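Asks: the sequence and its predicted three-dimensional model are supplied below.
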Amino acid sequence: MNPGFDYIGISTSFICHDGEGRFLLGKRSKNCRDEQGTWEFGGGKLEFGATLEENVLREIQEEYGCDGVIEESLPPITLFRTAGDAKTHWITFPFFVRVSREEARLNEPENMDEIGWFRLHELPQPLHSGVHTILITHEGYFKKYHIHE
């Protein structure tokens, strides 16, 4: 049984920023199950026995090899997507997390081709569908994080 396909998947997602208006995104590799070549904030399936906060910080450590400080949790989002011919259903719990630009690195080269820091008005393309959903659903929350734009 696969989460998101056979039953509703639960995940945590993170919007990493540097406190100076830049956001960290990773470009999905050809090894990802869907939306290869798109840029995303990041996240992962909620692991059994982990709190939402523990899960999101573990995922940041796995993907970017650094620690983060959770600054804000956002209301959950329901994501309906397609992966090939299959429909998926996820509920994600997004967090704004501050990370160090000096410490963050591409820590999962099998899943990401590259990472980069971007201001909101210059996000790379194409964006993962989850990024579009978060930006639209939680647009107001981003105002305090895109400092000096």
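Replies: Arrived safely, thanks for sending.
Asks: quick one: the helices in the protein?
Replies: 52-64, 129-137 (DSSP state H).
Asks: tell me which of those helices sits most buried.
Replies: Across the helices of the chain, the average number of neighbours (mean count of other CB atoms under 10 Å) peaks for helix 52-64, which reaches a mean of 19. For every residue, glycine as well, the C-beta is placed using N, CA and C.
Asks: hmm, who's touching that helix?
Replies: By CB atoms under 8 Å, 6 or more residues apart in numbering, the residues outside helix 52-64 that reach it are 12-14, 16, 24, 26, 42-44, 46-47, 50, 66-68, 70, 73, 93, 95, 97, 99, 104-108, 111-112, 115.
Asks: switch to 7 Å and redo it
Replies: 12, 14, 16, 24, 26, 42-44, 46-47, 50, 66-68, 70, 93, 95, 97, 99, 104-105, 107-108 (CB atoms under 7 Å, 6 or more residues apart in numbering).
Asks: return the subset of those residues lying in strands.
Replies: 12, 14, 16, 24, 26, 43-44, 70, 93, 95, 97 (DSSP state E).
Asks: helix or strand with the lowest mean pLDDT in the chain?
Replies: strand 77-83 (a mean of 88; mean pLDDT, DSSP states H and E).
Asks: that strand versus helix 129-137: what angle between them?
Replies: 150 degrees (axes from the mean of the first three to the mean of the last three CA atoms, to 10 degrees).
Asks: for strand 77-83, buried residues please.
Replies: Using 16 or more other CB atoms under 10 Å as the burial criterion, the residues of strand 77-83 that qualify are 77, 79, 81.
Asks: and G84, what's its pLDDT?
Replies: G84 is assigned 78 on the pLDDT scale.
Asks: tell me how far it lies from F93.
Replies: G84 sits 26 Å away from F93 when distances are taken as CB to CB, to the nearest Å.
Asks: okay, those two: which has more neighbours?
Replies: Using other CB atoms under 10 Å as the criterion, G84 and F93 rank with F93 on top: 20 against 7.
Asks: the one residue sitting closest to the centre of the chain: what's it in contact with?
Replies: The centre of the chain sits closest to G42, judged by CA atoms, centre = their mean, with a distance of 2.3 Å. Applying CB under 7 Å, 6+ apart to G42 gives the contacts 13-14, 26, 59, 63.
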